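**Student:** need a structure here:
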Amino acid sequence: MEQIWSQNYDPLNNAVLSTILAALPIIVLLGSIAVFHIRIHLAAVFGLTVAIGVALFVYQMPVQTVAATTLYGSAYGLFPIGWIVLNLIFLYQLTVNKGLFTLIRMHLSTIAPDPRIQVILIAFAFGAFFEGAAGFGTPVAITAAILIQLGFRPLAACGLSLIANTAPVAFGALGTPIIALAAVTDIDILKLSAMVGRQLPLFSFIVPFWVIWAMAGFRGMISVWPAALTAGLSFAVTQFLVSNYHGPWLVDIFASIASIVSIIVLLKFWQPKTIWELPKADDVIPIAADPVSVSTKDMVRAWTPWVILTIFIFAWGVPTVKKSLNSISAPEYQVSYLHNLVKRSPPIAPVPSIDKPAKTEEAVFKLNWISATGSGILVASLIAGFAIGYSIREMLKIYLQTLWRVRFSLITIAAMLGLGYVTKYSGADATLGLALAKTGVLYPFFGTMLGWLGVALTGSDTASNVLFGSLQTITAKQTDVSPILMAAANSSGGVMGKMVDAQSIVVASTATNWYGHEGQILRYVFFHSIALAALVGLFVFLQAYVIPFSDMVVK
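**Tutor:** A predicted model of the protein is given here:
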């Protein structure tokens, strides 16, 4: 029987040195991308190599456990995340090869001729729907691909999609992040949903203004303020009401639909006085001069694949459907040399007692190959392919071309998740978390930034909640702050880290056929990520010490 290995969060008996070495893989990863302009798949491999070295030689993690962790994380990167990316790009290629994206571009140009409103409608509102239905990079891939077809530069298409895909993330994939947070904190799910629903609506209101400011400057934003106000207000109000009076499951679905409908209604009665023109460049797709020439038949044909995709993504996300599909086949494999062989220590884990003995970390690879979101996307793609006139042979050829196109993206995602898992199971993530937790009265601010760090490291608000949810509640009690507030803050702060995690950046660059420019995308969004996370942290700080309604309402 394998011996259980306990994590040590200060392996060098020096908190500062331990923290620096814990951060080394992230420093290497981000430095390679942003400073040395190394291709991201190589940077991810370098970062993973350093993470393995830190786990082995600093944290003294057993060799077999490190190897198992690396393989487990890499496998999770390929499935389900890489599986989603591959099949989304396949559907995208099917539509591009038939010229349907050109028709979509022309149709959207008639509904919202101003590019600033296109960003609000597509990247914010439409993207939020896909975040609520599927998550895992789906909204960024789809919205970035649409924006580039509307004539946006690849950098703008990627960066603006990433900035817009923030406020919906905490309730993404039918409430999965909040469900996971409730599981690790033992806090009632409705209380967590309500608290997050009292933090994020302010930022849901801000984000449409923010993304247009990033795109067109302050004056450009002011001239379309009715659209930003309509999108943000309708989303924020719906987000607040559903999260507080229903729960976390359908927050993004209802809020995004409310936002989309509100914008379309507004555009029936209002249009900006002047149309803002996109910067001209060689790397953009020229827009047809006469977008009105799209016939109803062509418009229906162009949107058919995306309507089919929406239906399947939503259906695949419904718990009862997922359960039924899993009953057909969803094998689970316990990871040898890792499953229940790593144990977290206090204060990351509660002090063990007779009633609650120390828990070991599970490591089970779930091959839910039928119910996975990527499988739903593949089925939707095949049905859409037949609907728009492809043969089986033609689709197989395009699928193989797509697989070759995304090969480096899949390597990157596998290496990134391997890095994240090694960091998690070695305890390096907790070392970084504890460093932020030692901030006393400022803990509400830095605890929120801890959520940001968790998503920046793992690429997932769900993973960040699992990673740091327990730590947040333990530290909150030690600093006389509401555990409900800080558990929710981990999720709310985490959403702003979504735009800088390597996984999301790779998904965006792959969807726009701009692979290899991830460093530019990271530099484009980094300030926005830090600034918005800091604002969330400030708001949580005010909730903790100044604003009385947070604890008054969420008992």
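
**Student:** quick one, helices of the stretch 251-400 of the chain?
**Tutor:** 251-269, 296-317, 319-328, 373-387, 392-405 (DSSP state H, counting those that start in this stretch).

**Student:** could you say what helices and strands the third one packs with?
**Tutor:** Using 3 or more C-beta pairs under 8 Å, 6 or more residues apart in numbering; DSSP states H and E as the contact criterion, the elements in contact with helix 319-328 are helix 296-317. Where C-beta positions appear, they are placed from N, C-alpha and C, glycine not excepted.

**Student:** For the helix it packs on, give the mean pLDDT please.
**Tutor:** Mean per-residue pLDDT for helix 296-317: 84.

**Student:** same thing with stretch 419-437?
**Tutor:** 84.

**Student:** Check stretch 358-374 too.
**Tutor:** For stretch 358-374, the per-residue pLDDT averages 89.

**Student:** can I get the CA coordinates of that stretch in PDB?
**Tutor:** Extracted in PDB, the C-alpha atoms of stretch 358-374 (Å, rounded to 0.1, in the frame of the first residue of the first chain):
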ATOM      1  CA  ALA A 358      -8.100  14.700   7.600                       C
ATOM      2  CA  LYS A 359      -9.300  14.200   4.000                       C
ATOM      3  CA  THR A 360      -7.000  13.000   1.200                       C
ATOM      4  CA  GLU A 361      -7.100  14.400  -2.200                       C
ATOM      5  CA  GLU A 362      -9.100  12.400  -4.800                       C
ATOM      6  CA  ALA A 363      -7.700  12.000  -8.300                       C
ATOM      7  CA  VAL A 364     -10.300  10.400 -10.500                       C
ATOM      8  CA  PHE A 365     -10.200  10.900 -14.300                       C
ATOM      9  CA  LYS A 366     -13.800  11.000 -15.600                       C
ATOM     10  CA  LEU A 367     -14.100   9.900 -19.200                       C
ATOM     11  CA  ASN A 368     -17.700  11.100 -19.700                       C
ATOM     12  CA  TRP A 369     -17.200  10.900 -23.400                       C
ATOM     13  CA  ILE A 370     -20.900  11.100 -24.300                       C
ATOM     14  CA  SER A 371     -22.100  13.800 -21.900                       C
ATOM     15  CA  ALA A 372     -19.000  16.000 -22.300                       C
ATOM     16  CA  THR A 373     -19.700  19.500 -23.700                       C
ATOM     17  CA  GLY A 374     -17.200  18.800 -26.600                       C
END
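
**Student:** What is the distance between that stretch and the centre of its chain?
**Tutor:** In terms of C-alpha atoms, centre = their mean, to the nearest Å, the centre of stretch 358-374 is set 19 Å apart from its chain centre.

**Student:** could the helices of the stretch 251-400 of the chain go into TSV alongside mean neighbour count and distance to residue 90?
**Tutor:** Shown next, in TSV, are those (neighbours: other C-beta atoms under 10 Å; distance: least, C-beta to C-beta, whole Å):
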stretch	mean neighbour count	distance to residue 90
helix 251-269	20	24
helix 296-317	17	11
helix 319-328	13	20
helix 373-387	21	5
helix 392-405	14	5
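
**Student:** Got the phi and psi for residue 341?
**Tutor:** Per-residue torsions, residue 341: phi -120, psi 0 (degrees, to the nearest 10).

**Student:** picking up where we left off before, now tabulate the helices of the stretch 251-400 of the chain in TSV and tack on distance to residue 166.
**Tutor:** As requested, the helices of the stretch 251-400 of the chain are exported to TSV (distance: least, C-beta to C-beta, whole Å):
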stretch	distance to residue 166
helix 251-269	12
helix 296-317	20
helix 319-328	25
helix 373-387	20
helix 392-405	28
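
**Student:** and of the ones you listed, who's closest to residue 167?
**Tutor:** helix 251-269 (8.9 Å; C-beta to C-beta).

**Student:** I would like the residues contacting that closest one, please.
**Tutor:** 111-112, 117, 120-121, 124-126, 128-129, 131-133, 168, 171-172, 174-175, 193, 197, 204, 226-227, 230-232, 234-239, 242-243, 314 (C-beta atoms under 8 Å, 6 or more residues apart in numbering).

**Student:** same check, this time on stretch 512-532
**Tutor:** Against stretch 512-532 from outside (C-beta under 8 Å, 6+ apart): 30, 33-34, 37, 39-40, 144-145, 148, 154-155, 157-159, 162-163, 166, 203, 206-207, 210, 214, 405, 408-409, 452, 456, 496-497, 499-500, 502, 505-506, 508-509.

**Student:** Just the C-alphas of stretch 452-463, formatted as PDB.
**Tutor:** Taking Å, rounded to 0.1, in the frame of the first residue of the first chain, the C-alpha atoms of stretch 452-463 are listed here in PDB:
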ATOM      1  CA  TRP A 452      -8.000  36.100  -9.200                       C
ATOM      2  CA  LEU A 453      -4.700  34.200  -8.700                       C
ATOM      3  CA  GLY A 454      -6.500  30.900  -8.600                       C
ATOM      4  CA  VAL A 455      -8.200  31.400 -11.900                       C
ATOM      5  CA  ALA A 456      -5.100  32.900 -13.500                       C
ATOM      6  CA  LEU A 457      -3.300  29.700 -12.500                       C
ATOM      7  CA  THR A 458      -5.900  27.100 -13.300                       C
ATOM      8  CA  GLY A 459      -8.000  28.800 -16.000                       C
ATOM      9  CA  SER A 460     -11.200  27.900 -14.100                       C
ATOM     10  CA  ASP A 461     -13.300  29.600 -11.500                       C
ATOM     11  CA  THR A 462     -14.500  26.200 -10.500                       C
ATOM     12  CA  ALA A 463     -11.000  25.000  -9.900                       C
END
